[in-house]
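Asker: Model the following, please.
(chains A and B)
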Number of protein chains: 2
Amino acid sequence: MASKRAIDVVEVGPRDGLQIESVFIPTEIKIGLINNIAAAGVKHIEATSFVSPRAVPQLADAAEVIAGIDRSTGVRIQTLVPNARGAERAVASGIDEVMLFVSASDSHNIRNMNRLTMETMAGFPDVVTIARAAGAGVHGAVATAFGCPFEGEVTFESLFRVVDHYVDLGVININLGDTTGMATPPIVSRTCEALKKRFPAIQITLHFHNTRGLGLANVMAGLESGITRYDASLGGMGGCPYAPGASGNICTEDLVHLLHEMNFSTGIDLDRLIAAAKGLETIMGRQLPGQVMKAGPRLTLHGSEAVGRAVG
Amino acid sequence: MASKRAIDVVEVGPRDGLQIESVFIPTEIKIGLINNIAAAGVKHIEATSFVSPRAVPQLADAAEVIAGIDRSTGVRIQTLVPNARGAERAVASGIDEVMLFVSASDSHNIRNMNRLTMETMAGFPDVVTIARAAGAGVHGAVATAFGCPFEGEVTFESLFRVVDHYVDLGVININLGDTTGMATPPIVSRTCEALKKRFPAIQITLHFHNTRGLGLANVMAGLESGITRYDASLGGMGGCPYAPGASGNICTEDLVHLLHEMNFSTGIDLDRLIAAAKGLETIMGRQLPGQVMKAGPRLTLHGSEAVGRAVG
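Answerer: The predicted structure is shown next:
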């Protein structure tokens, strides 16, 4: 990651994409999916979440999933943990990184975790202690970092308050979550610049949802601001609980295609990633939002069998 | 259009979106759709095409569609014309602008029009004469401007050859068509810069397809290069004849949402445009790719009825 043209792509589909699925995906299928993604060269995978199985039944098999992952590829496995209990389970399972999460806006945090933002954060020191004792890395996620579906705009003050707290705990890997797709390129630019200025030591990961079609436009703004780490979901799997039919996370293979076309390196084999995405469509039994798996990378050429007319 | 922050959005769905539909859409439905789009404030609509009804049966009712459009909104109506005969029919119908079209790559032009690029262009002087005699404006479209599905990369030389020919005919409104979604942000930037340098007098319109998910990222690159006119299709209706399941043109209401969020003015009422897109979904009887019509503009707030969990 020394080169300034290298970008870290973090696959979050097994957690953020799957969690909204109402039909339980068998554990072996999840493990196979994660192993396929790692085999394509993805070095960071958010494999599952140690939240309450009651809240997210799809991820109730978190420990079994982690246990089944082939670690010989060198992939680093991260998981969400909401509290000390989740952290104990996560480190016992052998993950590499834990991801704390809280919403910048109180009203979303209440909806999501039934308490105020600062009440959630009050539990974080214990989680950090548990993770560090186990040698696991710690990331701090800020949901609704670019807007809240209940409050509207999220001020820099609200964002700074959460990041301040993370930095006080020594957590400098900060994940900015565009939880419901409210980020726009100008907001991404302003937010990244403001955070970098106020917290020069933090490493920012951008987590965009394509809810309003702006996911990759926002990545462009992030790249322009020098951000080198992005979350994405294979096939664009996932959705938004507040907008039926809307897209979920930005699509991993579409992101990788864009990054490679922009001359960034990811270490990922795009063809193998596309194959994994097609496999995921088969698993889900439906078409997923990803575009590149349908059309192929841009220099996929067509022969004389293509007789359709493309006027304009 | 005097302000530098004003962007012209050209609705091409009634032509580029509909032409791929195999089931004929009744003429009255097409007219109602166009009138709804114009009523939302869209000032430029590519309403249909005067190509051979045999080649594109969906647009066989071109003259009837034009005749039915309510012109009291001041909307300017443009149509594709392939040759002198099409131009005669187009100007007789009362359109405001004709759009010549040819592919930058010979192999795509042969597939599309059964002749070489320069053979197609040889017929353009007659079309220009007919249009001018009728007081119609003339635009020159270049298909496969950012890549060809048969040849791969399209060189600047190929592109310059076509634009040279247009400029010789006095056609300075140049439409760059990303016919099969092969444009990327760096290619858009390089192409626009090269064309503006070589042809300082031309006005560029960018016509992106979202075939590989890069449509709005490419718009970002176009805006950065100072391009102020973009084609788009309501609801993102349309497709790609070479990639089943892939998206068509960029989505008009998603584009307008992005432009407004970036503080550009379009003169378009986004809420009315979204209503027209929802009406189009009803007409087509299926979900269309547009995202903003599903999630609403970014500050669409949710109340306590939204009980879903949005972790991350």
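Asker: Tell me how many other residues surround residue A:5.
Answerer: Each residue near residue A:5 was counted by other C-beta atoms under 10 Å in any protein chain shown, and the total is 10. For every residue, glycine as well, the C-beta is placed using N, CA and C.
Asker: wait, it sits on residue A:265?
Answerer: Yes - the pair residue A:5 / residue A:265 is scored as a contact, 5.9 Å apart, by C-beta atoms under 8 Å.
Asker: mind checking the SS state of the residue in the stretch 101-250 of chain A that chain B sits nearest to?
Answerer: Distance from chain B to each residue of the stretch 101-250 of chain A (C-beta to the nearest C-beta) is smallest for residue A:241, at 2.5 Å. Following DSSP: H, G, I helix; E, B strand; the rest coil, we place residue A:241 in the coil state.
Asker: Measure how buried it is and give me the count.
Answerer: By other C-beta under 10 Å, neighbour count at residue A:241 equals 20.
Asker: ranges for the helices of the stretch 1-150 of chain A?
Answerer: Counting by DSSP state H, counting those that start in this stretch, the segments of the stretch 1-150 of chain A that form helices are A:27-39, A:62-68, A:84-93, A:106-113, A:117-121, A:124-133.
Asker: Can I get the ones you listed in TSV including distance to chain B?
Answerer: Converted to TSV, the helices of the stretch 1-150 of chain A look like this (distance: least, C-beta to the nearest C-beta, whole Å):
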stretch	distance to chain B
helix A:27-39	17
helix A:62-68	13
helix A:84-93	12
helix A:106-113	6
helix A:117-121	12
helix A:124-133	16
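Asker: of all those, which lies closest to residue A:207?
Answerer: Minimum separation from residue A:207 across these (C-beta to C-beta) falls at helix A:106-113, 14.5 Å.
Asker: Now do the strands in chain A.
Answerer: Along chain A, counting by DSSP state E, strands occupy A:8-11, A:44-49, A:76-80, A:97-103, A:137-143, A:173-178, A:203-208, A:229-232.
Asker: Nearest approach to residue B:100 belongs to which of these?
Answerer: strand A:203-208 (39.1 Å).
Asker: Tell me the helices and strands packed up against the closest one.
Answerer: On a contact count with 3 or more C-beta pairs under 8 Å, 6 or more residues apart in numbering or on different chains; DSSP states H and E, strand A:203-208 meets strand A:173-178, helix A:185-198, helix A:215-224, strand A:229-232.
Asker: For it, give me every contacting residue.
Answerer: Applying C-beta atoms under 8 Å, 6 or more residues apart in numbering or on different chains, the contact partners of strand A:203-208 are A:8, A:10, A:12, A:139, A:141, A:172-178, A:181, A:183, A:188, A:192, A:195-196, A:214-215, A:218-219, A:222, A:227, A:229-231, A:249-250, B:312.
Asker: What of stretch A:237-248?
Answerer: Identification of contacts with stretch A:237-248 by C-beta under 8 Å, 6+ apart yields A:13, A:16-20, A:149, A:180-181, A:209-213, A:215, A:233, A:236, A:249, A:280, A:284, A:288-289, B:287, B:291, B:294-296, B:302, B:306, B:308-310.
Asker: per-residue pLDDT, the residue nearest to residue A:137 when sequence neighbours are not counted?
Answerer: Counting by C-beta to C-beta, 6 or more residues apart in numbering or on different chains, residue A:97 is the residue found nearest to residue A:137 once chain neighbours are left out, at 4.0 Å. Looking at residue A:97, its pLDDT reads 98.
Asker: tell me the most buried of the helices and strands packed on strand A:203-208?
Answerer: strand A:229-232 (a mean of 26; mean count of other C-beta atoms under 10 Å in any protein chain shown).
Asker: avg pLDDT for it?
Answerer: 98.
Asker: And the contacts of that strand?
Answerer: Strand A:229-232 is contacted by residues A:7-13, A:16, A:46, A:175, A:203-208, A:219, A:222, A:249-252, A:255 when judged by C-beta under 8 Å, 6+ apart.
Asker: Run a quick neighbour tally on residue A:148.
Answerer: Neighbour tally, residue A:148, other C-beta under 10 Å: 25.
Asker: which residues in the stretch 201-312 of chain A form helices?
Answerer: For the stretch 201-312 of chain A, the helices defined by DSSP H, counting those that start in this stretch occupy A:215-224, A:252-261, A:270-284, A:292-295.
Asker: With mean pLDDT and distance to chain B added, can I get these in JSON lines?
Answerer: Shown next, in JSON lines, are the helices of the stretch 201-312 of chain A (pLDDT from 0 to 100; distance: least, C-beta to the nearest C-beta, whole Å):
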{"stretch": "helix A:215-224", "mean pLDDT": "97", "distance to chain B": "4"}
{"stretch": "helix A:252-261", "mean pLDDT": "98", "distance to chain B": "4"}
{"stretch": "helix A:270-284", "mean pLDDT": "97", "distance to chain B": "10"}
{"stretch": "helix A:292-295", "mean pLDDT": "95", "distance to chain B": "4"}
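Asker: Point out the most buried one among those helices.
Answerer: Greatest average neighbour count among the helices of the stretch 201-312 of chain A goes to helix A:292-295 (a mean of 27), per mean count of other C-beta under 10 Å.
Asker: name the helices or strands packed onto that helix?
Answerer: On a contact count with 3+ C-beta pairs under 8 Å, 6+ apart, helix A:292-295 meets helix A:252-261, helix A:270-284.
Asker: would TSV of the ones you listed with distance to residue A:158 be doable?
Answerer: As requested, these are exported to TSV (distance: least, C-beta to C-beta, whole Å):
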stretch	distance to residue A:158
helix A:252-261	28
helix A:270-284	35
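Asker: Just tell me which of those ends up closest to residue A:40.
Answerer: Relative to residue A:40, the nearest member of the helices and strands packed on helix A:292-295 by C-beta to C-beta is helix A:270-284, separated by 3.8 Å.
Asker: list the helices and strands the closest one packs on?
Answerer: If contacts are counted by 3+ C-beta pairs under 8 Å, 6+ apart, helix A:270-284 sits against helix A:27-39, helix A:252-261, helix A:292-295.
Asker: Report the beta-bridge partner residues of the residue most central in space within chain A.
Answerer: Closest residue to the average C-alpha location of chain A: residue A:231 at 3.5 Å, with C-alpha atoms, centre = their mean. Beta-bridge partners for residue A:231, by DSSP bridges, are residue A:10, residue A:207.
Asker: No further questions, thank you.
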